[in-house]
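> With the input below, show me the fold.
(2 chains)
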Amino acid sequence: MAQVFHRAANNVAKISIVVAVVLAATAGFVYTQLARSSYLTGQHVEKQQPVQFSHKHHSGDDGIDCRYCHTAVETSYSAGIPPTQTCMNCHSQIWSDSPYLEPVRASWRENKPIEWERVHDLPEYAYFNHSIHIAKGVGCSTCHGQIDNMPAVWQEHTLQMEWCLQCHREPEKYIRPKSEIYNVQWNDSELSDEERLQLKADYKIRSQEMLTSCSTCHR
Amino acid sequence: MLKSKFKVQSSKFKVRELISGLKLGAWNVRLFLLFAFCLFAVGCRYDMQDQPRYKAHKKSDFFADGKAMRELPEGTVPRGFLREDKAFYQGKTEGGQNATATAPNPAATPTMDSSGNTLVTDFTGLVSEFPLPVTEDLINRGEQRYNVFCIVCHGPVGNGDGMIVRRGFSKPPTYNDDRLRNAPVGHFYNVITNGQGKMNSYAAMVPPADRWAIVAYIRALQISQNPNGNMQMNSANPSNANAPTPIMNNANPVTTNNANVSGGAR
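Okay, here's the model as predicted:
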């Protein structure tokens, strides 16, 4: 009886196994990279706003404290978007005839809120609270990056669960003293490992089991 | 949602018939169903991410003003939030001047300074003693709040040379002259609460207990800039030991203390 397969079929079979494995691995790799890409996460994408508001100018050049506008950050889950009145505290007098600020003045005249574009949009099945992070020593720039260098704000990190968990697993690597929370220039290398562990104890940060428990964030 | 579910299912059945017509194995059908399920699950994901509920600052198509965050109707007093203590919440004495007026001292004859500021010289009807005990914690809290809200115009020691003034805002009067050294503490509280001249009201941004903390720090600044003067903190009224206190550190967000709630209306 004649042979059904040619001799080369042995090689084809071996190579096809290798190719299948490589293809599967590549597909998996492409999937993980795609899921983390800024196309899907919005990371590092500048958002255009109805007013050309520059955090670089107000926070960086003028040195206005974050809490002047985001007044609720210490007491609420939301940091708070300032009402138009906060803009008018200064802009009733300075740049008061600038065309860039016309949307602000229109909002003030007509008593209509400015419709800002949301930059950081967490999925709504994740619970997030600003005040507890502030109270436990997580600084603004740890999550929001160098806001004082952003003319238009972008999302500094992926905001994916793996990113949240990095810190929830090892909070001591990311915390800082109370006095430095709003210091956007803070450099994480300023603290030694011992100081970090001491801070973690002082803040009474809960155990890793507690911080990474499902219901801590998905409640 | 339901509609699309049925659509997906019916198309699945059609395709299953098609596939079985081609005499493919049951495995292929299962794989295909898995694939279809994945597509379906991806569709679900976005519904869960953006649920039809209101969060802070969201837009509303339901309310006429387009805001999901509702404001209290004017004149509403939430239970337990009645601001009876006039000295603490208004900085004015009982039966003092213009109990209902918002502008401080309308009756006083104002003078103007070179920057066009109206200088109030009549301080009648304003409390001259702090309605809460002045402690180191209070002054530290006041320093922190001053450096957030006041420093932008009034400058680090209250001379009216803050960054916003350097950017072109008109210069506010200095704290460090005899007029304001002799002003009662109620005056500063009143100005923070109701605004004055070119300064807007900061009532929505700074709750009452924090305003008193800032006033205490302003007094401390005045003393620091006039060390040989005979100024004193006239404070620690023991009858006010139970007055609401500000949040002294961020570790204890106060929930029961009504002085830390700015009233809800923004």
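> how does chain B divide into domains?
Structural domains annotated on chain B: B:2-49, B:86-260, as defined by automatic domain parsing.
> Could I get the buried residue list for the worst-scoring helix or strand of chain A on mean pLDDT?
Scoring the helices and strands of chain A by mean pLDDT, DSSP states H and E places helix A:38-41 at the bottom, with a mean of 88. By 16 or more other C-beta atoms under 10 Å in any protein chain shown, the buried positions in helix A:38-41 come out as A:Thr41. C-beta here means a position set from N, CA and C on the backbone, and glycine is covered the same way.
> Next one: the helix or strand following that helix, is it in contact with chain B?
Downstream of helix A:38-41, the next assigned helix or strand under DSSP states H and E is helix A:55. No: judged by C-beta under 8 Å from any C-beta of the partner chain, helix A:55 makes no contact with chain B; its nearest approach is 15.2 Å.
> mean pLDDT for the domains of chain B: which is lowest?
For the domains of chain B, the weakest mean pLDDT is recorded on domain B:2-49, namely a mean of 65.
> what about the helices in the chain?
Reading this off chain A. With DSSP state H as the criterion, chain A has helices at A:9-36, A:38-41, A:55, A:66-69, A:84-91, A:102-110, A:130-135, A:140-144, A:161-169, A:193-202, A:208-211, A:214-217.
> Actually, chain B is the one I wanted.
Under DSSP H, chain B gives helices at B:2-21, B:26-49, B:86-90, B:136-149, B:151-154, B:163-166, B:178-181, B:185-194, B:208-225.
> Worst mean pLDDT among the helices of chain A?
Among the helices of chain A, helix A:38-41 scores lowest, at a mean of 88.
> ok, and what's touching that helix?
Helix A:38-41 is contacted by residues A:34, A:44-45, A:155, A:158-160 when judged by C-beta atoms under 8 Å, 6 or more residues apart in numbering or on different chains.
> Quick check: can you list the domain ranges of chain A?
When chain A is cut into domains by automatic domain parsing, you get A:9-36, A:55-63+A:70-80+A:120-217, A:82-115.
> Adding mean neighbour count, write the ones you listed out as a markdown table.
Output for the domains of chain A, formatted as a markdown table (neighbours: other C-beta atoms under 10 Å in any protein chain shown):
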| stretch | mean neighbour count |
| --- | --- |
| domain A:9-36 | 10 |
| domain A:55-63+A:70-80+A:120-217 | 16 |
| domain A:82-115 | 15 |
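> Quick one: closest of these to B:Phe37.
domain A:9-36 (16.6 Å; C-beta to C-beta).
> Can you confirm whether that closest one lies near chain B?
No: using C-beta under 8 Å from any C-beta, domain A:9-36 never reaches chain B; the gap is at least 11.4 Å.
> next one: that domain to chain centre, how far?
Domain A:9-36 has its C-alpha centroid displaced from the chain centroid by 34 Å (C-alpha atoms, centre = their mean, to the nearest Å).
> go on, stretch A:150-161?
5 Å.
> hey, C-alpha coordinates of it in CSV?
Listed next in CSV are the C-alpha coordinates belonging to stretch A:150-161 (Å, rounded to 0.1, in the frame of the first residue of the first chain):
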residue,chain,number,x,y,z
MET,A,150,-0.1,70.1,32.1
PRO,A,151,-1.6,73.0,30.1
ALA,A,152,-4.5,70.7,29.2
VAL,A,153,-4.9,67.9,31.7
TRP,A,154,-4.4,64.3,30.6
GLN,A,155,-4.9,61.1,32.5
GLU,A,156,-1.4,60.1,33.8
HIS,A,157,-2.1,56.4,34.5
THR,A,158,-4.2,53.7,33.0
LEU,A,159,-6.8,53.7,35.9
GLN,A,160,-7.0,50.0,35.4
MET,A,161,-7.5,47.6,38.3
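> Now tell me what touches that stretch from outside.
By C-beta under 8 Å, 6+ apart, the surrounding residues in contact with stretch A:150-161 are A:35-36, A:41-49, A:52, A:54-57, A:119-122, A:126, A:143-147, A:163.
> same thing but at 7 Å, please
A:36, A:41-49, A:54-56, A:119-120, A:122, A:143-145, A:147, A:163 (C-beta atoms under 7 Å, 6 or more residues apart in numbering or on different chains).
> Distance of A:Ser16 relative to A:Ala9?
10 Å (C-beta to C-beta, to the nearest Å).
> and the residue nearest to B:Asp113 when sequence neighbours are not counted, how many residues sit next to it?
Once flanking residues are discounted, B:Asp113 sits nearest to B:Leu119: 5.7 Å by C-beta to C-beta, 6 or more residues apart in numbering or on different chains. Residues near B:Leu119, counting by other C-beta atoms under 10 Å in any protein chain shown, number 14.
> swap in the one 3 residues further on?
One way to gauge burial is a neighbour count; for B:Asp122, by other C-beta under 10 Å, it gives 15.
> about what we covered before: quick one: closest of the helices of chain A to B:Ile139.
helix A:66-69 (18.6 Å).
> got the contact list for that closest one?
So helix A:66-69 is contacted by A:59, A:73, A:82, A:86, A:140, A:182, B:148-149, B:152 (C-beta under 7 Å, 6+ apart).
> now these in a markdown table, with distance to A:Leu211?
A markdown table is the format used below for the contacts of helix A:66-69 (distance: C-beta to C-beta, whole Å):
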| residue | distance to A:Leu211 |
| --- | --- |
| A:Ser59 | 29 |
| A:Val73 | 21 |
| A:Pro82 | 31 |
| A:Thr86 | 34 |
| A:Cys140 | 20 |
| A:Tyr182 | 23 |
| B:Val148 | 29 |
| B:Phe149 | 33 |
| B:Val152 | 37 |
